[in-house]
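*Asks:* With the input below, show me the fold.
(one chain, ligands or ions: 1)
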Amino acid sequence: MAKGHIIPLVNLARLLFFHRKNITVTIFTTQENSAFIRQSLSDTKPSVVDLTLPKFTHPDILQGIESVDKLPSFSPFFAFANQTKLLQPEFERVLESLHPDVNCIISDAFFPWSLESASKLNIPRYEFNPASNLTLTIFDILSNQNFPVDSNDELFSLAPKFPNIQLTKNDLEPEMTDPQPGEATDFLSDMFSASSKPDNIISNSFCGLESEFEDYLNSRENSPPKVRSVGPLCLAAAPKVANSDEHKKKPTWIQWLDEMLDDEKPVLYVAFGSLAEITIEQFRELAIGLEDSGGNFLWVLRLPPGDEFIGEFEEKIKGRGLLVKNQWVDQLEILRHDSVNGFMSHCGWNSVLESICESVPLLGFPIATNQYWNARMVEEHYGIGVKVVTRNGAVRGF
Ligand code: UDP
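*Replies:* Modelled structure (predicted):
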């Protein structure tokens, strides 16, 4: 999976490791993600199994790709997700070698095939939902009713039970509003079918935020699985280890934030998660906006290199703006920094939870999938931020 799924699952492993001493956790992953997982869990010395992906059989997927964040774009995502089934034989072979010590599988919702592996060993599979309980609720309600509106920007209430939760078709992906047979529908139908089996769903959410959706999901007819919210799992992230030579070891962006603190200059942190790569045109539009705002900002972004505008922009904003390009940062460390007092985010669920836990208000800039309704919730229901754009874009060029 991509980091947005791996990080909360790894945090769940840390929780189990520290709070359930009688449980041993073994993590199955691919070689591509293994180093990141081992590093995130270095204080727990986990047992990690690196599975090897056999050759893909789908023509659209480049051989050798082992993680969603290495896909060239979002379009082959569903084909790739379906191809993860190729891991099943090796996964089962290793599981069987560990059996009877294995008595439970917790696996990401995107690996529905692991349900079959669990039933072969006659053990439960708990599905891990890295998204909100609202996301599960939206999928549940919309898959059981005709779509209530035709136009893209007309608001509709999600259900009579939730009169205040209003969405538009624009908030949803085309696969949800107008499903066509293909990789996406195959994947979603496998996932929903596995989700409807009677074991628990473990959600990265918490009752104080989403109890109405958890209650809804747990009171459905036909005894569907129980949803247990165990989040926000970012609270279980590994603490930073203090070291004596602290300043030297700090990444340049943290040193820069320290300097802004000395000058009492609050900083807007701008970042769009682990996957979204913006185009040069999008970069230019946002850059103009940030420059015109007159405020200070730290912008962590993935973008293709080699545009002279980037260099010019960096010159212009020197002293009040910093770009961190194509590098992995510790987002929690940034959000925790005293200089940071706002977060312009794509509203990926982890980023929303992290901003709540660190009390940093959000500017919602959704780009895809559940980020649109997360951004709506941020503004309209949680009251912890404002939404900057809609899918049709209040920002030129998007
Ligand atoms: N993240 C990080 N450093 C980066 C990019 C992302 O630590 O350079 C983390 C971020 O803190 C969050 C996760 O990656 O935990 C991204 O998840 P989210 O749901 O916000 O967005 P996604 O990447 O899934 O779109």
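
*Asks:* For the spatially most central residue of the chain, give its distance to residue 317.
*Replies:* With distances taken as Cα atoms, centre = their mean, residue 4 lies nearest the centre of the chain, 3.2 Å away. Applying Cβ to Cβ, to the nearest Å, the value for residue 4 to residue 317 is 28 Å. Where C-beta positions appear, they are placed from N, C-alpha and C, glycine not excepted.

*Asks:* Mind listing what's buried along the one helix or strand the residue nearest to the centre of the chain maps to?
*Replies:* Assigned by DSSP states H and E, residue 4 belongs to helix 3-19. By 16 or more other Cβ atoms under 10 Å, the buried positions in helix 3-19 come out as 3-14, 16-17.

*Asks:* Next, format those residues as JSON lines and append pLDDT and distance to residue 188.
*Replies:* Below are those laid out as JSON lines (pLDDT from 0 to 100; distance: Cβ to Cβ, whole Å):
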{"residue": "3", "pLDDT": "94", "distance to residue 188": "22"}
{"residue": "4", "pLDDT": "95", "distance to residue 188": "18"}
{"residue": "5", "pLDDT": "96", "distance to residue 188": "16"}
{"residue": "6", "pLDDT": "96", "distance to residue 188": "21"}
{"residue": "7", "pLDDT": "97", "distance to residue 188": "23"}
{"residue": "8", "pLDDT": "98", "distance to residue 188": "21"}
{"residue": "9", "pLDDT": "96", "distance to residue 188": "20"}
{"residue": "10", "pLDDT": "96", "distance to residue 188": "25"}
{"residue": "11", "pLDDT": "96", "distance to residue 188": "26"}
{"residue": "12", "pLDDT": "96", "distance to residue 188": "24"}
{"residue": "13", "pLDDT": "94", "distance to residue 188": "27"}
{"residue": "14", "pLDDT": "93", "distance to residue 188": "30"}
{"residue": "16", "pLDDT": "92", "distance to residue 188": "29"}
{"residue": "17", "pLDDT": "89", "distance to residue 188": "33"}
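
*Asks:* Residue 172: neighbouring residues, count only.
*Replies:* Residue 172 sits with 20 neighbouring residues when counted by other Cβ atoms under 10 Å.

*Asks:* show me the contacts for it.
*Replies:* 138, 142, 372, 373 (Cβ atoms under 8 Å, 6 or more residues apart in numbering).

*Asks:* next one: residue 183
*Replies:* So residue 183 contacts 78, 79, 82 (Cβ under 8 Å, 6+ apart).

*Asks:* Please tell me the pLDDT value assigned to it.
*Replies:* Predicted confidence (pLDDT) for residue 183: 90.

*Asks:* Can you tell me how far it is from the ligand?
*Replies:* Distance of residue 183 to the ligand, given as Cβ to the nearest ligand atom, to the nearest Å: 20 Å.

*Asks:* Please tell me how far that residue sits from residue 83.
*Replies:* With Cβ to Cβ as the criterion, residue 183 and residue 83 are 10 Å apart.

*Asks:* Mind listing what's buried along stretch 52-62?
*Replies:* Residues of stretch 52-62 classed as buried: 53, 56, 61 (neighbour count, 16+ other Cβ under 10 Å).

*Asks:* Tell me the backbone dihedrals of residue 112, please.
*Replies:* phi -60, psi -30 (degrees, to the nearest 10).

*Asks:* Please work out how many residues are found near the residue lying closest to it once chain neighbours are set aside.
*Replies:* Distances taken as Cβ to Cβ, 6 or more residues apart in numbering place residue 194 nearest to residue 112, at 3.5 Å, with adjacent residues excluded. If you count neighbours by other Cβ under 10 Å, residue 194 ends up with 21.

*Asks:* residue contacts, residue 194?
*Replies:* Counting by Cβ under 8 Å, 6+ apart, residue 194 touches 109, 112, 113, 115, 125, 127.

*Asks:* Let me know the helix or strand that it is in.
*Replies:* helix 183-195.

*Asks:* Would you mind identifying the next helix or strand past that helix?
*Replies:* With DSSP H and E, the next secondary element past helix 183-195 is strand 201-203.

*Asks:* other SSEs contacting that following strand?
*Replies:* strand 125-129, helix 133-142, strand 227-229 (3 or more Cβ pairs under 8 Å, 6 or more residues apart in numbering; DSSP states H and E).

*Asks:* Compare the ones you listed and give me the one nearest the ligand.
*Replies:* helix 133-142 (11.2 Å; Cβ to the nearest ligand atom).

*Asks:* That closest one versus strand 125-129: what angle between them?
*Replies:* 100 degrees (axes from the mean of the first three to the mean of the last three Cα atoms, to 10 degrees).

*Asks:* what's the average pLDDT for the next helix or strand after helix 133-142?
*Replies:* Of the helices and strands lying after helix 133-142 in sequence (DSSP H and E), the nearest is strand 156-159. Mean pLDDT, strand 156-159: 91.

*Asks:* Spatially, what comes nearest to residue 386 if we skip its sequence neighbours?
*Replies:* residue 379 (5.1 Å).
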